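Colleague: Need the 3D shape of this:
(2 chains)
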Amino acid sequence: KQEVTQIPAALSVPEGENLVLNCSFTDSAIYNLQWFRQDPGKGLTSLLLIQSSQREQTSGRLNASLDKSSGRSTLYIAASQPGDSATYLCAVPEPGGGNKLTFGTGTQLKVEL
Amino acid sequence: ETGVTQTPRHLVMGMTNKKSLKCEQHLGHNAMYWYKQSAKKPLELMFVYSLEERVENNSVPSRFSPECPNSSHLFLHLHTLQPEDSALYLCASSQLRDSPWDTQYFGPGTRLTVL
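Modeller: Got it, this is the predicted structure:
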């Protein structure tokens, strides 16, 4: 059964700092990996989806990388801003499970002024 | 309204009450999902509907009863809940159920508290 782990569980950084969030998964037979953002008490917003054939995806200040063989993905946030404060979740489809997603527990990010 | 909407946003109920959560998607999608998000736990998939047919039930207790009257609406009927059922219940939709390349779009959730 696929398991997804995210480290660290919480992170607090000063504004302007570059940071890296980590996601690891146990079964490397994935079609893709997705990063979501969740604001307190809100739903999830998809940030980036990396296909298994890709190594990176970029959107603005966000860059996600995927290393299937090692079962790891990173989300890099450049020049962090207070508005980036949220919980970041990674998720992968279950092997053979169509669109059933397995989520990590998330990294709670706080960017301070 | 655009995207995925959920009502109510907050719900407090006693263990003997019966209530329903509603989800509506305005994206023309064919698959809809219920997730449960408890504190310090990963999101748990509860139910999946594809073209109004339930295709997945992840060992969810019978006190949770889903209903999908059409491809745009999804309900979660609640009865005789337990305090440990208190959580954020999220609805999502996607174009296809079987495609792992298909992004899911989430609603804002209903924060449920069971007293």
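Colleague: for chain B, what spans make up the strands?
Modeller: B:4-7, B:10-13, B:18-25, B:31-37, B:44-50, B:53-57, B:64-70, B:73-79, B:87-94, B:105-106, B:110-114 (DSSP state E).
Colleague: And chain A, is the third one touching that?
Modeller: No - residues of strand B:18-25 contacting chain A under Cβ under 8 Å from any Cβ of the partner chain: none, with a closest distance of 10.5 Å. Backbone N, C-alpha and C define where each C-beta goes, glycine included.
Colleague: what does that strand contact?
Modeller: Applying Cβ atoms under 8 Å, 6 or more residues apart in numbering or on different chains, the set of residues contacting strand B:18-25 from outside is B:1, B:3-8, B:11, B:13, B:32, B:34, B:72-79, B:89, B:91, B:93, B:105, B:107, B:110, B:112.
Colleague: just to revisit the earlier point, tabulate the strands of chain B (JSON lines), appending distance to residue A:53 and mean neighbour count.
Modeller: Below are these laid out as JSON lines (distance: least, Cβ to Cβ, whole Å; neighbours: other Cβ atoms under 10 Å in any protein chain shown):
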{"stretch": "strand B:4-7", "distance to residue A:53": "29", "mean neighbour count": "18"}
{"stretch": "strand B:10-13", "distance to residue A:53": "42", "mean neighbour count": "14"}
{"stretch": "strand B:18-25", "distance to residue A:53": "29", "mean neighbour count": "19"}
{"stretch": "strand B:31-37", "distance to residue A:53": "24", "mean neighbour count": "24"}
{"stretch": "strand B:44-50", "distance to residue A:53": "26", "mean neighbour count": "21"}
{"stretch": "strand B:53-57", "distance to residue A:53": "27", "mean neighbour count": "13"}
{"stretch": "strand B:64-70", "distance to residue A:53": "34", "mean neighbour count": "15"}
{"stretch": "strand B:73-79", "distance to residue A:53": "33", "mean neighbour count": "19"}
{"stretch": "strand B:87-94", "distance to residue A:53": "21", "mean neighbour count": "24"}
{"stretch": "strand B:105-106", "distance to residue A:53": "24", "mean neighbour count": "22"}
{"stretch": "strand B:110-114", "distance to residue A:53": "37", "mean neighbour count": "18"}
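Colleague: Sounds good, over and out.
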